[in-house]
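**Student:** Sequence below, structure please.
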Amino acid sequence: MTTGSCYCGKIKIEFTGEPERKAICHCSNCRHYTGSMFSNNYVIPSDRFKVFGDPKEISKIADSGKLIVNCFCGDCGTTMYRWGDAFGGKEGMRIIQSGILDDKNIIDDFRPDLEMFTEDRVKWIVVIDGLAQHEKMPQS
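**Tutor:** Numbering: from 1, shown residues only. Have a look, this model is predicted:
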């Protein structure tokens, strides 16, 4: 069982098994909601994902042109996970931010397997050898 939490600890998540996908994203939405140059995401089917607490949600149309819903702690503001039309809707996949995981060793073990929105990657970020590269969001 993999666990994670927000900065203040009021929202917690857990999931079982390995992520379906481990992706770095450079889109403008990810830059804005992480406050960083990219996001490191773990894609987990919703039937292997649980949330404890009552996260707040904010929706918008993402760079992919589809609805995306960001779920975050209303107290400390930590972005926890996302879901959206590109990932099967509310009952589909959960896109978890790797930085909320409690065990750094799990983050080490879940090495990214692709980068997307690479056309938006800042020029000084080092490309990780062996990652599939996609200028936009991959279709599958």
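
**Student:** bridging residues for the residue sitting nearest the centre point of the chain?
**Tutor:** The chain has Asn41 as the residue nearest its centroid, 3.3 Å off, counting by Cα atoms, centre = their mean. The partner list for Asn41 in beta bridges (DSSP bridges) reads Ala23, Gln97.

**Student:** Now do the helix or strand harbouring His32: which elements does it pack against?
**Tutor:** In the assignment (DSSP states H and E), His32 maps to helix 28-34. Packed against helix 28-34 by the contact rule (3 or more Cβ pairs under 8 Å, 6 or more residues apart in numbering; DSSP states H and E) you find strand 39-45. Where C-beta positions appear, they are placed from N, C-alpha and C, glycine not excepted.

**Student:** pLDDT (mean, whole number) over the strand it packs on?
**Tutor:** For strand 39-45, mean pLDDT rounds to 93.

**Student:** ok so, going back, what mean pLDDT does the helix holding His32 get?
**Tutor:** On average, helix 28-34 scores 82.

**Student:** okay, that helix in CSV with CA atoms only?
**Tutor:** Provided in CSV are the C-alpha atoms of helix 28-34 (Å, rounded to 0.1, in the frame of the first residue of the first chain):
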residue,chain,number,x,y,z
SER,A,28,1.2,25.2,-18.7
ASN,A,29,-1.5,23.8,-16.5
CYS,A,30,1.0,21.6,-14.7
ARG,A,31,3.4,24.4,-14.3
HIS,A,32,0.8,26.6,-12.8
TYR,A,33,-0.8,24.2,-10.4
THR,A,34,2.5,22.8,-9.1
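
**Student:** And for that helix, what's in contact with it?
**Tutor:** Helix 28-34 has contacts (Cβ atoms under 8 Å, 6 or more residues apart in numbering) with 37-39, 41, 60, 62-63, 68, 70, 79, 97, 117, 120.
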